[in-house]
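In: Here is my input, please return the structure:
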Amino acid sequence: MDRTVAIDCFPDSVAAYYDHTVVAVDVFRATTTAVTAVARGRRCFPVGTIEEAVPVAARLSHPLLVGELGGNVPYGFDVNNSPAQVELRSDIERPMILLSTSGTRLICEAGRAQGAYVASLRNVSALVPWLAGRHDRVAVIGAGARGEFREEDQVCCAWIAEGLMASGFQARNDNTARLVERWSGASLDPLRAGHSAQYLRDTGQLDDLDFVLAHVDDIDAVFPYQAGEVTMIRAVELAAP
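Out: I've put the predicted structure just below:
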């Protein structure tokens, strides 16, 4: 069987890849928030809507409600969709329900595929060999925002795809190959001028911009998503087939 990798964008695109392993990417900020929380020992339950959050919250003990919709923290939520804020909290025993405009929708949709993982810039190098050793068809999908495939998600998706191609995978289509070529070896500095960065700057959330760009490949773990929860497989387990 040919080993292929595709890059795509938006939650609705996941339906084309249900027979693949799907990697969900929302660098600014949902997947970075999820990875950051779980790496610290907090349980994480992404939801696609406020309505979905209600039954999840009912079965958890004193959950931490984290999220945003349209850039606003929903009524009754404790914390914005902020990796920087989640990193600073000490109440890691509280399970986190995570909601965002597009990123958590993407994660939940990915859960309908053959396999699903959550990725951010924090764990690209750990994820690539794990995928290469276990999966033959991979789709790396960015969440997108306001109809755009944002550059920060393009970078993360392209770096994952590039690593898989170096391991013998073929680009599924020309767009995947073009994105890998565009972002190969690229600096992250231009992301400070992108639309997502401008939004964080305009809304006084530069701590998240700085956090994301300061935490690259610093977690040796992969983050599967299954049964409604993001979990973690640590580096010590990554070598085991």
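In: how many neighbours does L206 have?
Out: 14 (other Cβ atoms under 10 Å). For glycine as for every other residue, the C-beta is placed from the backbone atoms N, C-alpha and C.
In: And T203, by the same measure?
Out: Neighbour count for T203, taken as other Cβ under 10 Å: 12.
In: Over to it: give its phi and psi.
Out: T203 adopts backbone torsions of phi -100, psi 10, taken as degrees, to the nearest 10.
In: what's the closest non-adjacent residue to it?
Out: G71 (6.8 Å; Cβ to Cβ, 6 or more residues apart in numbering).
In: Confirm for me that the one you found is in contact with D202.
Out: No - judged on Cβ atoms under 8 Å, G71 makes no contact with D202 at a distance of 9.9 Å.
In: hey, where'd the helices end up in this protein?
Out: Using DSSP state H, the helices found in the chain span residues 30-39, 50-58, 83-88, 103-110, 124-134, 151-166, 174-183, 195-202, 206-214, 235-238.
In: so can I have CSV of these showing distance to L65?
Out: Formatted as CSV, the helices of the chain follow (distance: least, Cβ to Cβ, whole Å):
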stretch, distance to L65
helix 30-39, 13
helix 50-58, 7
helix 83-88, 12
helix 103-110, 12
helix 124-134, 28
helix 151-166, 25
helix 174-183, 34
helix 195-202, 21
helix 206-214, 18
helix 235-238, 30
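In: Please dump these into JSON lines; it should also carry distance to A143 and mean pLDDT for every row.
Out: Listed next are the helices of the chain as JSON lines, based on distance: least, Cβ to Cβ, whole Å; pLDDT from 0 to 100:
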{"stretch": "helix 30-39", "distance to A143": "7", "mean pLDDT": "98"}
{"stretch": "helix 50-58", "distance to A143": "17", "mean pLDDT": "96"}
{"stretch": "helix 83-88", "distance to A143": "14", "mean pLDDT": "97"}
{"stretch": "helix 103-110", "distance to A143": "4", "mean pLDDT": "98"}
{"stretch": "helix 124-134", "distance to A143": "16", "mean pLDDT": "96"}
{"stretch": "helix 151-166", "distance to A143": "6", "mean pLDDT": "97"}
{"stretch": "helix 174-183", "distance to A143": "15", "mean pLDDT": "98"}
{"stretch": "helix 195-202", "distance to A143": "10", "mean pLDDT": "90"}
{"stretch": "helix 206-214", "distance to A143": "14", "mean pLDDT": "95"}
{"stretch": "helix 235-238", "distance to A143": "25", "mean pLDDT": "64"}
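In: Which stretch among these approaches Y117 most closely?
Out: Nearest to Y117, of all the helices of the chain, is helix 124-134, at 6.6 Å by Cβ to Cβ.
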